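Participant: can't give you the sequence, but here's the structure:
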């Protein structure tokens, strides 16, 4: 399977996941309150998820190594946010949602980083091959 096709697939899947999560937080008081009982962080979470989704979709269009590296870094940032959110004692539903988000984002970050590293290794290999000719 083509590396660029896989990279685009991972970026699109991640972007869709962020869009769905943002819609769920925006559209459901139960989901939003399971993460933050006061609902004060709802607009911030929805905006951040929307921005993340847009960034991932833009990266999928270009699908460059720098886009994959940025996506991996953003996903690691979300894992950090999830760890902080766990310290705020969310409800059982909140714990499940936050843990699922952290797991998905860590897998996505790993895939994005590995797809990038594979490309760089291939590019180095191609350069060394071209120089030897």
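Facilitator: In hand now; what should we look at? Here the structure is a predicted model, which means the values were calculated and not measured.

Participant: so which bits of stretch 10-21 are buried?
Facilitator: Buried residues in stretch 10-21, counted by 16 or more other CB atoms under 10 Å: 10-12, 14-15, 17-19, 21. Backbone N, C-alpha and C define where each C-beta goes, glycine included.

Participant: pick out whichever of the residues you listed sits closest to residue 69.
Facilitator: residue 11 (11.7 Å; CB to CB).

Participant: hang on, that closest one packs against residue 71?
Facilitator: Yes. Applying CB atoms under 8 Å as the test, residue 11 and residue 71 come out as touching, 5.9 Å apart.

Participant: quick check: neighbours shared by these two?
Facilitator: Counting by CB atoms under 8 Å, 6 or more residues apart in numbering, the residues touching both residue 11 and residue 71 are 56, 59, 112.

Participant: could the residues you listed go into CSV alongside neighbour count and pLDDT?
Facilitator: Formatted as CSV, those follow (neighbours: other CB atoms under 10 Å; pLDDT from 0 to 100):
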residue, neighbour count, pLDDT
56, 26, 95
59, 25, 93
112, 27, 93
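
Participant: can you lay out those residues as TSV showing distance to residue 77 and secondary structure?
Facilitator: Listed next are those as TSV, based on distance: CB to CB, whole Å; DSSP: H, G, I helix; E, B strand; the rest coil:
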residue	distance to residue 77	secondary structure
56	13	helix
59	15	helix
112	13	helix
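
Participant: of these, which is the nearest to residue 85?
Facilitator: Nearest to residue 85 among these, with distances taken as CB to CB, is residue 56, at 20.3 Å.

Participant: do you know how far that closest one is from residue 96?
Facilitator: 23 Å (CB to CB, to the nearest Å).
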